[in-house]
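Colleague: A predicted structure for the sequence below; I have some questions about it.
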Amino acid sequence: MTESPKPVEALVIGGTIITMNPDREILQNAALAVDAGKIVWLGDANEAGRRFMPKEKVDFQDKVIIPGLVNVHGHWAMTLMRGLVDDCTLEKWLATIWRVEAALISEQTVVTGSQLAMMEMIRGGTTCAADMYWYYPQVTEAARAAGFRIFTGPSFAEIEGFENYRNTNQAIALEYLAEYKNVPLVHPCIQAHSAYMTSAATLEQAAKLTHDHALVFVTHAAESQGELAQVQEKHGKRPIAVLDGFGLLGDRTLLAHCVHLNDDEIARLAEAGTSVAHCPSSNLKLSSGIARVAAMVEMGVNVGIGTDGAASNNDLDLFSEAQLAALVQKGVTGDPKVLPADKVCSMLTIDGAHALGLSDLIGSLEVGKSADLAVINFSSANLTPCYDLYSHLVYALSIADVRHVMVAGRLLMRDRAMLTLDETAIRDQANRIAEEVARL
């Protein structure tokens with residue numbers, strides 16, 4: 001007896017699916033079935049029509065479907081300061097940015113800047129991103145409205161003039177964690193700006209929240225030589241040792257940058273299972289240096305890729321970030337085999353998901369995982385001919401080749417058109433805010 005087709009919400013028909021599953025399967029003439037926002041089946045496109053009766057059939061024939069990219073480090077609303085402070089060190093950059101933020105930041109400006117960031121990231125195939133910035137509850141709601149997956153939470157530091165740093169104190173943090181504990185598309189974490197901007201008491205508080213709520217802890221670490229000196233002066237140790245002393249290294253810790261690590265520190269991160277967010281453009285632009293990513297990967301450290309904020313990058317294009325990550329490591333090591341394209345694609349997807357503690361939900365296209373994906377047009381001139389899909393994704397792709405983006409089974413972009421964000425209104429508002437910034 002022939003089984004009747006099973007009802008599902010959507011059937012996504014694509015030419016090629018790059019799964020990034022443990023076996024790194026690449027499926028040709030493939031399809032995936034989506035129900036309740038999750039992937040319930042992957043297989044041959046011809047078989048899909050017999051097995052399923054979808055409410056919606058999404059035809060991506062002759063395209064390549066990849067897992068949505070995961071941006072493991074950023075400050076979304078800093079899109080509003082793109083190009084404002086260029087060509088200076090991290091320390092000078094921070095001093096200027098904090099002055100601008102003190103005059104500029106409000107709930108409305110942060111939401112607008114974050115919406116602008118989400119549009120940019122969606123256009124580049126990103127479906128999940130970390131954010132460390134002000135008004136995170138309001139930004140969380142903006143992300144939910146856009147259908148975008150957000151990783152954010154309370155962020156602690158002590159900065160003169162910012163007594164309520166990023167709108168965080170213990171009460172606000174606990175309220176946020178309680179409200180968003182099990183909300184779809186929202187993944188709370190605990191954040192501290194850095195060891196040089198936090199006292200021992202604040203790091204103890206962050207550690208307690210992290211462990212009490214079993215969350216990922218995020219901080220900047222070893223980003224510049226200037227930071228190393230400041231942390232040494234404040235705590236009497238290097239950043240990694242400081243964090244280790246507060247129990248803040250482990251498999252639920254994500255450290256942004258890690259440009260200046262010695263062999264012992266890299267080994268300690270590997271031993272602890274701590275992940276690193278590699279942000280090559282920002283590190284180079286601020287002359288912070290070049291992180292030893294090849295050594296980290298070789299020694300077993302999990303590394304994802306982040307854009308950092310648009311004020312120090314100056315874009316949120318993860319594909320260009322990945323290309324830079326691969327090329328720079330080959331150049332500085334003198335070894336063309338380090339960070340091959342397939343590994344860099346892993347850093348963009350499943351390794352990034354692991355860094356955020358979300359590898360059971362996103363980062364690969366597998367049954368049971370969320371239907372977070374990007375669809376690439378491989379017939380463009382810059383991707384023709386194609387001998388290796390991974391190679392093209394890292395070394396040849398332009399974000400204009402990203403045609404469609406889906407998060408939890410919902411299309412956020414179709415044929416480059418935004419479906420959940422009002423592009424014109426957001427751009428207009430961002431330009432109005434920029435006029436205020438120019439007058440500062």
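Modeller: Here it is on my side, so go on.

Colleague: where does pLDDT dip in this structure?
Modeller: 1-2, 160-168 (pLDDT under 70).

Colleague: domain-wise, how is it divided?
Modeller: According to automatic domain parsing, the chain is divided into the following domains: 6-67+364-418, 69-355.

Colleague: ends of the first one, how far apart?
Modeller: With Cα to Cα, to the nearest Å as the measure, domain 6-67+364-418 spans 31 Å from end to end.

Colleague: now swap in the last one and tell me
Modeller: By Cα to Cα, the extent of domain 69-355 from end to end equals 13 Å.

Colleague: chain center to it: distance?
Modeller: Averaging C-alpha positions (Cα atoms, centre = their mean, to the nearest Å) puts domain 69-355 9 Å from its chain's average.

Colleague: those strands in the stretch 101-250 of the chain, which residues are they?
Modeller: 126-130, 149-152, 155-156, 186-188, 190-194, 217-221 (DSSP state E, counting those that start in this stretch).

Colleague: and what of the stretch 251-400 of the chain?
Modeller: 253-257, 275-278, 302-305, 373-376.

Colleague: please identify which of these is closest to V344.
Modeller: Among the strands of the stretch 251-400 of the chain, the nearest to V344 by Cβ to Cβ is strand 302-305 (7.8 Å). C-beta: built from backbone N, CA, C; applies to glycine.

Colleague: so which elements touch the closest one?
Modeller: Under the contact criterion of 3 or more Cβ pairs under 8 Å, 6 or more residues apart in numbering; DSSP states H and E, strand 302-305 touches strand 275-278, helix 293-298, helix 318-333, helix 341-348, helix 350-355.

Colleague: any idea how far the closest residue to A103 other than its chain neighbours lies from R268?
Modeller: Spatial nearest neighbour of A103, chain neighbours left out: L440 (5.3 Å); criterion: Cβ to Cβ, 6 or more residues apart in numbering. Counting by Cβ to Cβ, to the nearest Å, the gap from L440 to R268 is 42 Å.

Colleague: likewise for P7?
Modeller: 51 Å.

Colleague: export the strands of the stretch 101-250 of the chain to JSON lines and tack on mean neighbour count and distance to H404?
Modeller: Putting those into JSON lines (neighbours: other Cβ atoms under 10 Å; distance: least, Cβ to Cβ, whole Å) gives the following:
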{"stretch": "strand 126-130", "mean neighbour count": "29", "distance to H404": "11"}
{"stretch": "strand 149-152", "mean neighbour count": "26", "distance to H404": "16"}
{"stretch": "strand 155-156", "mean neighbour count": "24", "distance to H404": "33"}
{"stretch": "strand 186-188", "mean neighbour count": "21", "distance to H404": "23"}
{"stretch": "strand 190-194", "mean neighbour count": "25", "distance to H404": "32"}
{"stretch": "strand 217-221", "mean neighbour count": "29", "distance to H404": "30"}
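
Colleague: just put those strands in TSV and tack on distance to P54.
Modeller: Formatted as TSV, the strands of the stretch 101-250 of the chain follow (distance: least, Cβ to Cβ, whole Å):
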stretch	distance to P54
strand 126-130	21
strand 149-152	23
strand 155-156	41
strand 186-188	27
strand 190-194	40
strand 217-221	38
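
Colleague: looking at those strands, spot the one closest to E227.
Modeller: strand 190-194 (6.7 Å).

Colleague: what's the closest one packed up against?
Modeller: Against strand 190-194 (3+ Cβ pairs under 8 Å, 6+ apart) you get strand 155-156, helix 200-212, strand 217-221.

Colleague: excluding chain neighbours, what is closest to A130?
Modeller: With Cβ to Cβ, 6+ apart, the residue lying closest to A130 is F151, at 4.4 Å.

Colleague: could you tell me how far that neighbour is located from T140?
Modeller: For F151, the distance to T140 - Cβ to Cβ - is 10 Å.

Colleague: returning to what we had before: out of the strands of the stretch 251-400 of the chain, which one sits most buried?
Modeller: Of all the strands of the stretch 251-400 of the chain, strand 275-278 carries the top mean neighbour count, a mean of 29, counting by mean count of other Cβ atoms under 10 Å.

Colleague: return the backbone torsion pair for G236.
Modeller: When quoted as degrees, to the nearest 10, the phi and psi of G236 stand at phi 80, psi 10.

Colleague: could I get the contacting residues of the residue nearest to A130?
Modeller: For F151, the contact set (Cβ atoms under 8 Å, 6 or more residues apart in numbering) comprises C128, A129, A130, D131, H187, C189, V216, L356, L358.

Colleague: equivalent analysis for Q323, please.
Modeller: V394, Y395.

Colleague: that one and T16, how far apart?
Modeller: Taking Cβ to Cβ, one finds Q323 at 21 Å from T16.

Colleague: what does K55 give?
Modeller: In terms of Cβ to Cβ, K55 sits 25 Å off from T16.

Colleague: again, but for A434
Modeller: Using Cβ to Cβ, which is the criterion applied here, A434 is 41 Å from T16.

Colleague: all good on my end, thank you.
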